[in-house]
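A.B. asks: Predicted model follows, preceded by the sequence.
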Amino acid sequence: MWLAWSVCALRSLALFLNFLLQPNLNYRQITSLRQFSWWGEKVSVAVGVPNPWTLIGYLSLLLLLVFLIDATVAAWRRSDRRQALIVGGGAIFFVAMGWAQSSLVIWGVIRTPFLISFCYLGIVVAMAYELSSEVLRAAQIAGQLRSSEADLRATEQRMDLAARAAGLGMWMWDLVRNETWVTDHCRALFGFAPSEVVNIEKFLAKVHPDDRKMVSHEVEKSLDGLGDYGAEFRVLSGNGTIRWIDGRGRVEFNGDGKPVRIHGVSLDITNRKLGEEALRESEIRFRTMANTAPVMIWMSGTDKLCTFFNTGWLDFTGRTFAQELGNGWAEGVHRDDLDRCREVYVNSFDARQPFTMEYRLHRSDGEYRWLLGTGTPRFGSDGAFLGYVGSCIDISERKLAELDAQRHRTELAHLSRVALMGEMSASIAHELNQPLAGIVSNAGAGQRFIDRGDVDLRELRALLVDISADGRRAGEVVRGIRRMLKKGETLRQLVDLNDVVTNVAHMIGPDALLHSCKVSTSLKPNLLPVEADPIQIQQVLINLVVNGFDAMRDTPVQNRKILMETEHRGNELIGVSIRDYGVGIPDEARERLFEPFFTTKREGLGMGLAIVRSIVEAHHGTIAAENAADGGARFHFTLPVAH
Amino acid sequence: MIVPDSLVFAIDDDASVRKGLTRLLRSARYQTEAFNSASDFLLRPPHPGPSCVIVDVRMPGVTGIELQEALIQRRREEQLIFITGHGNISMCAKAMKAGAVDFLPKPFRNEDLLQCVGRALNRSAEQRRRNAEKTSARLLLDALTPREFEVMQLVITGMLNKQIAAELGTAEKTVKVHRGRVMQKLRVTSVAELVRLVERACVARATRAVRETKV
C-alpha cells in the first residue's frame, strides 16, 4: 500500500517539477533541436543539458517497478499465474524499457526519438488481451449459467412432479430473511392460496388446535439443534374436513451454529391414519368384546405360543397376562389332562383343524374346574395362517349334571329292570314253579311208595335224581333273576348272540303263551362273538319282545308271532332283529321312539326303549326301528364283532 | 278208595312236572297216562271208564283252556284239574265256570292234588251214571206220542186232570186215558216218580218253560 502511495507521490512530484522547472525536468537547458530521419520520418529531438532533478523522476519509476514486481509476485502467489505473468510481466517490461530508452535519448547516448508511447501501447495491448479474454470467459460462464439454470428448472419440475405424485409438499423457510418457499402442492395441502405469502404463524394457524402446541414445540426443538423436525398432525382444511399431515424437515446452521434455513416436506397421510384408526378401532372393539365376553378367550401365533388372554381368562386363573403368555397357561391345566390337552392342541394345530376338548383348569380359588375349550385356526385376508383363536367355558356344572344323569340312568335302568321283572312275573313264576312242582310231586310220590311198603329202590333212586335236578334248575332261575336285578357295573364277556336269543326265546315262552303269541327264531349259524354283558343284551331283547306282545294285543290270535333273527352285517357287525305283527310304529312316534319318557302305552313309563338304546350304545352299537312292509314293526340293533 | 276202571291223564310240556305227577299218581295207585301236549291227548280214544285230566293251563300249541273247550264241544265227560305255574283270577274263573274240578297253582300240595283227583273221578263216575240214567229216561220218553208228552208235561207241574183238559181244550176223560198211558209207558206209578224220571232225562227246561208261561 505504502509502496503504491509513495510511487504516486514521487511521480506527482516529478510531474510537478516537470512543469515548474525551465525548460523541463529532463533538461536543464535545451541547447538545440536536432532533426534527423528515422525510418523515413523526420523526427526532431531536443538536445540539451540533462537536468539533475530528473533523478526524482527516475526514483519514482524505480519505485513503480518495485511496486509492479511486488504486485506481480503477489498475483503469482495467488495462483493467478497467467494473469500475473501477462499483466505484471508486461507492465514491468514496458516501464523498464521506456525508462531505459528515454534516459538514453535524454542523455544523448542513442539518437532515436522517444519511443515511450510505443511502450505504453505494449502495456495497453497486454492489458487489452487480458481484459478481452476475461470478457470472453465471462460470456462463456454466462452461457453455462443459463443452461444450468434450465437444467435446474427441469430438475425442479421433475422433483415437483415426483413430489406431487408422492403427495409430497416441499417447503423451505429462510430464517435469516424470514422468507418461505412453498410448492403448489404443499400450498394445496395446507389450503394456502397460490400467491399467498406463507409464514410460520400462518402455517401454525392451519394446524388443528389440539396439535398446534406439539407442532410448534417440534419446530422449536429442531431449531435448537435437537434433531430433525418431525411431526404428525391434523390440518383444518377450508371445508371443515380434517387432513392428517406427516411433516419432516432439516435445519441448516451457519458457522456460528445459528439456524439459517429449514427445508422440509409434508406428506398427506390421511388415508393411512384413517386405516390405522380403523385398525385401532377394530382392535379396541375386539379387545372390548373379548374382555367383556362371559367366556375365556385366548389367541396364539403361528409358533403355537399364546399371545393373548382376555380378562375372563385372567380373572378365572387369577394369574397375570405375562404368566399366561407363551406356554404359561399350561401350568394351570390338571396333571391328568395336560398330556391329552397338549396332544389335541398340537395335532390340531399342525393340521390347521379346529378342535374341541374338555379339561380341568386351576381356578383362582384353588378348585379345578371342567372347561370346554374350542380352538379355530385364524387366517389373514391373504389366506396366510396367523395362529389360533379359541374360547373356553366352564362346564363343571354340566359335567356334574352329566355324572348325575349317568347315575340317574343307572338307577332308572335298574328300576326298569325291576319293572321288567314285574312284567315278566308270569315267566319268572312259571320258570321257578315248574321245577318246584316236580320236586314236590316226586317227594310226595316217594313218601307214598315208602308208606305203601312196596318200595322199588330203582324207582326211588330215579325219583331222587329228578328231585335234585329240579332243585338245581330252580337255583339257576333264582340266580338268573338276581343277575338281572343286580345294579351297577356290567360284566363284559365274549357272547354268542345266538345263545342269548335262544335263552330269551325260552325265558319269554310262558309270557308268549299268555299273550297267545308264537315266538320263533332264525339264527345264523357260527355267529362271531361280540363283547357284551349277556344280561343286558337279554334285557334289550326281552324289552323288545314284550313291546311286541303289547303291539299285538289287537292282532288276531293266529297272526300273533314274533321272529327273532341274527345275522352277520359285513365282517364287523352282528345284527339282531325282532319283528312283530302288531300295529306298527305310528308316524308321529317314530322320531321320538327312543327318547326317555316317550310312550304310546297308556300305563307305560316310556323308559323301555330309552334304556334299550342306552344299553346298545354303551355296547358301541346302534338301534333303529321301522315298519315292516307286511304289517308290524321291526326293531334291529347291531353290535360290533369282538376282536 | 279208588274208583274202579278209572284212569288219570297228566298233560304238561315240562318233563319235571310230568314225571313228578305220574309218580305221585302211581304212588296213590292211580292208573296214569302222561302226555306232553293236549293235542297228543286228543288223539287218544276216550277212556270208557271214569277219568280225569290234570292239565297245565299254559302250554305251547293247544293250551289247557283250549283243551277244555274242545272236550266240552265233543261232549266228553273227562273231569279237568288245572295246574299252573302262574295263573290269574280271570283265567281261573273261566276254567271253573266251564266246569273244571279245581285250579291248582304249582307247586301244589300233594294231598290237595290227590283229593282233587279223587273228587274228579267220583264226579266222573257220577256223571257216567247220570248219563246212563238220562239215556234210559230219554228212551222211555221217546216212546210217548206228542199228545201224551204234552199231557205228561202238564202232569208234572201238579195240575189236576180237569185243569189239564181245560188247558188243552179236551175232555177230562180223554186226559185221564192219556195220563194212564204215560204212566204205563214210563213205568212209573206216581207223579213223584214221573217228575224224577223227567228230571233225569234233562227235559226240565220244557217244564220250566210251561211254568213260566203260567206265571
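C.D. replies: Received it, and whenever you're ready, just let me know what you need. Residues are numbered from 1 along each chain as shown, chains lettered A, B, ... in the order given.
A.B. asks: Put the alpha carbons of stretch A:11-22 into PDB.
C.D. replies: Extracted as PDB, the C-alpha positions of stretch A:11-22 are listed here (Å, rounded to 0.1, in the frame of the first residue of the first chain):
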ATOM      1  CA  ARG A  11       5.500  10.600  -9.700                       C
ATOM      2  CA  SER A  12       3.300  13.500  -8.900                       C
ATOM      3  CA  LEU A  13       6.400  15.400  -7.600                       C
ATOM      4  CA  ALA A  14       8.300  14.600 -10.800                       C
ATOM      5  CA  LEU A  15       5.400  15.800 -12.900                       C
ATOM      6  CA  PHE A  16       5.100  18.900 -10.800                       C
ATOM      7  CA  LEU A  17       8.800  19.600 -11.200                       C
ATOM      8  CA  ASN A  18       8.500  19.000 -14.800                       C
ATOM      9  CA  PHE A  19       6.100  21.900 -15.100                       C
ATOM     10  CA  LEU A  20       7.900  24.100 -12.600                       C
ATOM     11  CA  LEU A  21      11.400  23.800 -14.000                       C
ATOM     12  CA  GLN A  22      12.500  25.500 -17.200                       C
END
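A.B. asks: how about stretch A:521-528: buried residues?
C.D. replies: Neighbour counts over stretch A:521-528 (16 or more other C-beta atoms under 10 Å in any protein chain shown) mark A:L523, A:L527, A:L528 as buried. Using the backbone N, CA and C atoms, a C-beta is placed for each residue, glycine as well.
A.B. asks: Please flag which of these sit within helices.
C.D. replies: Of those, none are assigned to helices by DSSP state H.
A.B. asks: Out of those, flag the one nearest to chain B.
C.D. replies: Comparing those against chain B with C-beta to the nearest C-beta places A:L523 closest, at 18.7 Å.
A.B. asks: How confident was the prediction at that closest one?
C.D. replies: pLDDT recorded at A:L523 is 93.
A.B. asks: residues touching it, list them.
C.D. replies: Residues counted as contacts of A:L523 (C-beta atoms under 8 Å, 6 or more residues apart in numbering or on different chains) are A:N498, A:V501, A:T502, A:E565, A:T566.
A.B. asks: Which among those count as buried?
C.D. replies: A:N498, A:V501, A:E565, A:T566.
A.B. asks: The first one and A:L527 touch, don't they?
C.D. replies: Put plainly, it is A:N498. Yes - with contacts counted by C-beta atoms under 8 Å, A:N498 reaches A:L527, the gap being 5.0 Å.
A.B. asks: And the one residue sitting closest to the centre of chain B, how close does it get to chain A?
C.D. replies: The centroid of chain B falls nearest to B:Q127 when counting by C-alpha atoms, centre = their mean (4.8 Å). For B:Q127, the distance to chain A (C-beta to the nearest C-beta, to the nearest Å) stands at 27 Å.
A.B. asks: Which strand or helix spans that residue?
C.D. replies: According to DSSP states H and E, B:Q127 maps onto helix B:110-142.
A.B. asks: quick one on the thing from earlier: close enough to count as contact, the residue nearest to the centre of chain B and B:E78?
C.D. replies: No - distance between B:Q127 and B:E78: 9.5 Å, which falls outside the contact criterion (C-beta under 8 Å).
A.B. asks: Domain ranges for the chain, per the record?
C.D. replies: Answering for chain A, as no chain was given. A:2-133, A:166-268, A:276-394, A:399-488, A:491-643 (automatic domain parsing).
A.B. asks: Not quite, go with chain B.
C.D. replies: Chain B breaks down by automatic domain parsing into domains covering B:7-132, B:143-214.
A.B. asks: Counting neighbours, which bits of stretch A:248-255 end up buried?
C.D. replies: Quick answer for stretch A:248-255 (16+ other C-beta under 10 Å): A:R248, A:G249, A:V251.
A.B. asks: Run through who's touching that stretch.
C.D. replies: Contact with stretch A:248-255 is made by A:171, A:219, A:222-223, A:225, A:228-230, A:259-267, as judged by C-beta under 8 Å, 6+ apart.
A.B. asks: swap the cut-off to 6 Å and go again
C.D. replies: Applying C-beta atoms under 6 Å, 6 or more residues apart in numbering or on different chains, the contact partners of stretch A:248-255 are A:S222, A:L223, A:D228, A:Y229, A:G230, A:P259, A:V260, A:R261, A:I262, A:H263, A:G264, A:V265.
A.B. asks: sorry, back to before: now for the buried ones among the contacts of A:L523: which two are most distant?
C.D. replies: A:N498 and A:E565 (10.4 Å; C-beta to C-beta).
A.B. asks: quick one: the residue located most distally from the centre of chain B from B:V177, how far?
C.D. replies: Ranked by distance from the centre of chain B (C-alpha atoms, centre = their mean), the top residue is B:A171, with 40.7 Å. From B:A171 over to B:V177 the distance is 9 Å, taken as C-beta to C-beta, to the nearest Å.
A.B. asks: If A:E567 is in a bridge, with which residues?
C.D. replies: A:G575 (DSSP bridges).
A.B. asks: Could you tell me how many residues sit around it?
C.D. replies: If you count neighbours by other C-beta atoms under 10 Å in any protein chain shown, A:E567 ends up with 16.
A.B. asks: so it touches A:K524, yeah?
C.D. replies: Yes - at 4.8 Å, A:E567 and A:K524 qualify as touching, with contact defined as C-beta atoms under 6 Å.
A.B. asks: where does the most centrally placed residue in chain A fall, phi/psi-wise?
C.D. replies: Against the mean C-alpha coordinate of chain A, by C-alpha atoms, centre = their mean, the closest residue is A:L386 at 5.9 Å. Backbone torsions for A:L386, taken as degrees, to the nearest 10, come to phi -110, psi -10.
A.B. asks: Measure how buried the residue nearest to it when sequence neighbours are not counted is and give me the count.
C.D. replies: Nearest-residue entry for A:L386: A:R378, 4.3 Å, with adjacent residues in sequence omitted and distances by C-beta to C-beta, 6 or more residues apart in numbering or on different chains. By other C-beta under 10 Å, 16 other residues sit near A:R378.
A.B. asks: do A:E343 as well
C.D. replies: Residues near A:E343, counting by other C-beta under 10 Å, number 11.
A.B. asks: Run a quick neighbour tally on residue 55.
C.D. replies: Unless you meant another one, I'm taking chain A. Here the number of neighbours of A:L55 (other C-beta under 10 Å) works out to 13.
A.B. asks: should've been chain B
C.D. replies: B:V55 has 28 neighbours, counted by other C-beta under 10 Å.
A.B. asks: again, but for A:L463
C.D. replies: So A:L463, with other C-beta under 10 Å, has 21 neighbours.
A.B. asks: Next, the contact list for it, please.
C.D. replies: For A:L463, the contacting residues are A:N442, A:G446, B:R23, by C-beta under 6 Å, 6+ apart.
A.B. asks: top of the residues you listed by neighbour count?
C.D. replies: A:N442 (30 neighbours).
A.B. asks: quick one: secondary structure of it?
C.D. replies: helix (DSSP: H, G, I helix; E, B strand; the rest coil).
A.B. asks: and A:Q140, what element?
C.D. replies: Secondary structure (DSSP H and E) places A:Q140 in helix A:116-165.
A.B. asks: Give the buried residues for stretch A:347-358.
C.D. replies: Buried residues in stretch A:347-358 (16+ other C-beta under 10 Å): A:S348, A:F349, A:F355, A:M357, A:E358.
A.B. asks: Can you tell me which of these is closest to chain B?
C.D. replies: Chain B has its nearest neighbour among the buried residues of stretch A:347-358 in A:E358, at 49.8 Å by C-beta to the nearest C-beta.
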